[in-house]
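# turn this into a model:
(5 chains)
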Amino acid sequence: MKTIGIADTTFARINMGAIAIDELKKRGTGFRIERVTVPGVKDLPAACKRLFIESECDIVLALGMPGAQEVDKLCAHEASTGLIQVQLMVDRHVIESFVHEDEAKDEKELAKLAESRTREHALNAYLLLFKPEELTRLAGTGQRQGFKDVGPMR
Amino acid sequence: MKTIGIADTTFARINMGAIAIDELKKRGTGFRIERVTVPGVKDLPAACKRLFIESECDIVLALGMPGAQEVDKLCAHEASTGLIQVQLMVDRHVIESFVHEDEAKDEKELAKLAESRTREHALNAYLLLFKPEELTRLAGTGQRQGFKDVGPMR
Amino acid sequence: MKTIGIADTTFARINMGAIAIDELKKRGTGFRIERVTVPGVKDLPAACKRLFIESECDIVLALGMPGAQEVDKLCAHEASTGLIQVQLMVDRHVIESFVHEDEAKDEKELAKLAESRTREHALNAYLLLFKPEELTRLAGTGQRQGFKDVGPMR
Amino acid sequence: MKTIGIADTTFARINMGAIAIDELKKRGTGFRIERVTVPGVKDLPAACKRLFIESECDIVLALGMPGAQEVDKLCAHEASTGLIQVQLMVDRHVIESFVHEDEAKDEKELAKLAESRTREHALNAYLLLFKPEELTRLAGTGQRQGFKDVGPMR
Amino acid sequence: MKTIGIADTTFARINMGAIAIDELKKRGTGFRIERVTVPGVKDLPAACKRLFIESECDIVLALGMPGAQEVDKLCAHEASTGLIQVQLMVDRHVIESFVHEDEAKDEKELAKLAESRTREHALNAYLLLFKPEELTRLAGTGQRQGFKDVGPMR
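Below is the predicted model:
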């Protein structure tokens, strides 16, 4: 049985962890889910590392919603750098799904974006773990998560 | 018995370590506190690492008050990057509570912000260590430390 | 028999992995190819590390097409930083071939650039692995990948 | 007997190493000093690591004077990042004393700043090693090195 | 017998490796040289690590000529960060000699700068390895590589 880890935050303004769990359960079986919640995105690297080490996860979804200010952008950068380090320490993937508060024009659109991106990245994690050849089939096809795919160049 | 580490600075303009200790003592028992003070935020990563290795802390609070200039912002970034590295080396959380000098319009407001953020992050550290399920209950609820929570998106 | 790894993305808008494979096969024999595809450039470091550790690659090509926005530039920076870390962990080269969406004036030119840069970097990987002395012969000659070489200074 | 390491540069425009040694000798006894000089600030991380590993230093002072241009600021950032990494590898402190060429309005003021900051950081290193409780007594008091202390907030 | 490693690039527009070898041979004997050439500056960290691990170098010169565009500056930053990491992994120095394309007003001046900086840094590497006390004698004297030394502050 594989284990999929989910780490999200109390800072986010939508329950990204619950959305990811819902999506994963739709996708298939053969895995169990371990979930933790931390205060903010800068706490995600340690949370993910612990999910790999203590809960023996095979892949982890790191979910966050950085704010729109300069300092928030820097926090997201620090978090992302740490998430890459985690992956190199354990030789497993962390799929990061961050939604920046300034990516949408209002709360309604932002909530919709956060949900769809999280669902699409949950699928990416599922495919990486169980059907990696499906991703190779999509190589170079301009996939976007949360927005409409742009497709391959003509 | 768990051990909570606290690292703060002589650069800060308010005794953040003392505030955190006061808050932790209000929250419960079952832990002892180890505190060190270093000159500035860039000294915090080593201080935290030593708290984990030498004092066997289970979690550490890193408290600092970066200045308002460009060079101070960069120091804070370097410190934060180091704090994330520490966590990945020991598989334990460091809860960072930084208050930037330009986050408030005057000293009085800044002092109030520094105190409330430090208290809220001390609580976060306490919950991560003793009641992690309380944080999962708050997932996606737009928690902010020091400012009013923004709440979930509607 | 040497092994050349190839990691590309579903985010890219052209099948960079297929182009690299085509070029490598033209260059010679004596190697086998291992290919994986991940969602975006930030997933490339872990993919490359796994190609070294699990597939015992001797060199890896990391292929990606970062978007034109500020956030995309930052993603590419985080990915590049991670790719360098991978190399230092395994003492082997990762040849990065990234094509930024704003490097060309239209899709047609961008597709051409992506193809030619990928082919030239596939050759670089081949030379590093089998004929490193050929690269020393080209030291200081102003080689560019995807664009016309600028040549040595006069 | 403790060992205090000192690493400075030929790039600096004042003999920071000599100033630090002078200050340390005034502060007390019970330690010996190991000093190395490297070309620039980017060479300081390796110099400090070597002081810990080969000379078994208990703490190291890293002294540098980055230039005023954008490229110099980036060098200082890279150096600082490396200095933090060193500390996390050896679980000991490196006290960084950098003076930027644009921190003063003329050479005379800059020389004075470089001297006073170096002396104050030499004292910080001494206290961290021999009297850490003195630093805790100064927690949150707005200490500045080279400039007048700003004091606690009122 | 000591070993000095030299890593340069095909991207550079002058044969920096050949210049460094010429300078080192003028400086003395008692060492052998190992040289490798890689495509660009981002390939230098892995090249240097390999020179230490596989060729048992005692010090390495990393020579590169980053372009003038924003993306080139970022590449140089990523390379420099990696070069510092290499040094901390092997406890030996990498002397970086990078010449940015926008540091001179025309090709002739740039070529001259690249040559003189490379020669001066080759000397720095030689001194670090064989006569480190010569560098301490120059501490705080405002040495510059490629440009006129600015000297100590008066």
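# how about the helices in chain A?
Assigned by DSSP state H, chain A shows helices spanning A:16-27, A:44-53, A:70-90, A:107-130, A:132-137.
# most tightly packed of these?
helix A:44-53 (a mean of 25; mean count of other CB atoms under 10 Å in any protein chain shown). All C-beta spots, glycine's among them, are computed from the backbone N, C-alpha and C.
# circling back: who wins for proximity to B:Leu138 among the helices of chain A?
helix A:16-27 (11.1 Å; CB to CB).
# can you count the residues close to the residue nearest to A:Leu129 when sequence neighbours are not counted?
Nearest residue to A:Leu129, sequence neighbours excluded (CB to CB, 6 or more residues apart in numbering or on different chains): A:Ile59, at 5.0 Å. Residue crowding around A:Ile59 was assessed by other CB atoms under 10 Å in any protein chain shown; the count is 23.
# mind listing what A:Ile59 touches?
A:2, A:4-5, A:92-95, A:125, A:128-129 (CB atoms under 8 Å, 6 or more residues apart in numbering or on different chains).
# mind redoing it with 7 Å?
With contacts defined as CB atoms under 7 Å, 6 or more residues apart in numbering or on different chains, the neighbours of A:Ile59 are A:4, A:92-93, A:95, A:125, A:128-129.
# which among those residues gets closest to chain C?
Distance to chain C across the contacts of A:Ile59 (CB to the nearest CB) is lowest for A:His93, with 5.0 Å.
# pretty sure that closest one sits against A:Gln87.
Yes - counting by CB atoms under 7 Å, A:His93 sits close enough to A:Gln87 to count as a contact (6.0 Å).
# what is the mean pLDDT for stretch A:11-21?
The average pLDDT within stretch A:11-21 is 98.
# show residues contacting it.
By CB under 7 Å, 6+ apart, stretch A:11-21 touches A:6, A:8, A:33, A:35, A:37, A:39-40, A:61, A:63-65, A:111, A:114-115, A:118-119, A:122, B:139-140, B:142-143, B:150, B:152-153.
# now do stretch A:146-153
Residues contacting stretch A:146-153 (CB under 7 Å, 6+ apart): A:113, A:116-117, A:120, A:140-144, C:13-14, C:107, C:110-111.
# just give me the least confident of those.
C:Glu107 (94).
# list the contacts of that residue.
Per CB under 7 Å, 6+ apart, neighbours of C:Glu107: A:153-154.
# distance of it relative to C:Ile14?
Using CB to CB, to the nearest Å, C:Glu107 is found at 10 Å from C:Ile14.
# over to A:Val41?
32 Å.
# who has more neighbours out of those two?
Between A:Val41 and C:Ile14, counted using other CB under 10 Å, A:Val41 has the larger neighbour count: 29 against 25.
# surely that one and A:Ser80 touch.
No - taking CB under 7 Å as the contact criterion, A:Val41 and A:Ser80 are not neighbours in contact, 8.4 Å apart.
# now the common contact residues for these two.
Common neighbours of A:Val41 and A:Ser80 (CB under 7 Å, 6+ apart) do not exist.
# in chain A, where is pLDDT below threshold?
Residues of chain A meeting the criterion pLDDT under 70: none.
# flag every residue of it that's near chain E.
For chain A, no residue is in contact with chain E (CB under 7 Å from any CB of the partner chain).
# give me the buried entries from the contacts of stretch A:11-21.
A:6, A:8, A:33, A:35, A:37, A:39-40, A:61, A:63-65, A:111, A:114-115, A:118-119, A:122, B:139-140, B:142-143, B:153 (16 or more other CB atoms under 10 Å in any protein chain shown).
# who's in contact with the residue in chain A positioned nearest to chain D?
Closest approach between chain A and chain D, counting by CB to the nearest CB: A:Thr81, at 10.8 Å. Neighbouring residues of A:Thr81 by CB under 7 Å, 6+ apart: B:81, C:78, C:81.
# can I assume A:Phe31 is in contact with A:Lys2?
Yes - with contact defined as CB under 7 Å, A:Phe31 counts as touching A:Lys2 (4.3 Å).
# mind checking which of the two has more residues around it?
A:Phe31 (19 against 13).
# off-centre distance for stretch A:30-50?
10 Å (CA atoms, centre = their mean, to the nearest Å).
# mind exporting the C-alpha coordinates of that stretch to CSV?
Below are the C-alpha coordinates for stretch A:30-50, written out as CSV (Å, rounded to 0.1, in the frame of the first residue of the first chain):
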residue,chain,number,x,y,z
GLY,A,30,-4.4,1.4,-3.3
PHE,A,31,-3.1,4.2,-1.1
ARG,A,32,-3.7,5.7,2.3
ILE,A,33,-3.5,9.4,3.1
GLU,A,34,-1.6,11.1,5.9
ARG,A,35,-2.4,14.8,6.6
VAL,A,36,-0.8,17.5,8.7
THR,A,37,-1.6,21.2,8.9
VAL,A,38,1.0,23.9,9.8
PRO,A,39,0.7,27.6,10.3
GLY,A,40,2.2,28.9,7.0
VAL,A,41,4.1,28.0,3.9
LYS,A,42,7.5,28.3,5.5
ASP,A,43,6.5,25.5,7.8
LEU,A,44,5.7,23.2,4.9
PRO,A,45,9.2,21.9,4.2
ALA,A,46,9.6,20.5,7.7
ALA,A,47,6.1,19.1,7.6
CYS,A,48,6.8,17.3,4.3
LYS,A,49,10.1,16.0,5.5
ARG,A,50,8.4,14.6,8.6
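# how about it, does it reach chain B?
Yes - Stretch A:30-50 reaches chain B (CB under 7 Å from any CB) through A:35-39, A:42-43, A:45-46, A:49-50.
# taking those residues together, which two end up most distant?
Longest span within the residues of stretch A:30-50 next to chain B, CB to CB: A:Arg35 and A:Lys42, 18.7 Å.
# what's near enough to touch A:Arg50?
With CB under 7 Å, 6+ apart, A:Arg50 has these contacts: B:Asp91.
# ok, now how distant is it from chain E?
24 Å (CB to the nearest CB, to the nearest Å).
# chain C contacts on chain A?
A:77, A:80-81, A:84, A:87-88, A:91, A:93, A:95-96, A:124, A:132, A:135-136, A:138-143, A:150, A:152-154.
# could you rerun that using 6 Å?
Contacts of chain A with chain C, taken as CB under 6 Å from any CB of the partner chain, map to A:77, A:80-81, A:84, A:87-88, A:91, A:93, A:124, A:135-136, A:138-140, A:142-143, A:152-153.
# now the contacts of stretch A:146-153 in TSV, with distance to E:Glu103?
Shown next, in TSV, are the contacts of stretch A:146-153 (distance: CB to CB, whole Å):
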residue	distance to E:Glu103
A:Leu113	44
A:Ser116	47
A:Arg117	43
A:Glu120	45
A:Gly140	38
A:Thr141	42
A:Gly142	39
A:Gln143	41
A:Arg144	39
C:Arg13	36
C:Ile14	35
C:Glu107	35
C:Leu110	30
C:Ala111	34
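# closest to chain B out of the residues you listed?
A:Leu113 (10.4 Å).
# ok, the closest one touching A:Lys105?
No - A:Leu113 lies out of contact with A:Lys105 (CB atoms under 6 Å); the separation is 10.3 Å.
# which residue does chain A have closest to chain E?
A:Thr81 (10.8 Å).
# measure that residue to A:Leu44 for me?
Distance from A:Thr81 to A:Leu44, by CB to CB: 11 Å.
# now do A:Glu107
23 Å.
# for A:Leu113, what are its contacts?
A:99, A:104, A:146 (CB atoms under 6 Å, 6 or more residues apart in numbering or on different chains).
# what residues does chain A put near chain B?
So chain A meets chain B at A:8, A:10-15, A:17, A:37, A:39, A:45-46, A:49-50, A:53, A:74, A:78, A:82, A:85, A:107, A:111 (CB under 6 Å from any CB).
# ends of stretch A:138-154, how far apart?
16 Å (CA to CA, to the nearest Å).
# swap in stretch A:3-21?
12 Å.
# specify the beta-bridge partners of A:Thr9.
A:Thr9 has these beta-bridge partners by DSSP bridges: A:Val38.
# fine, thanks again, bye for now.
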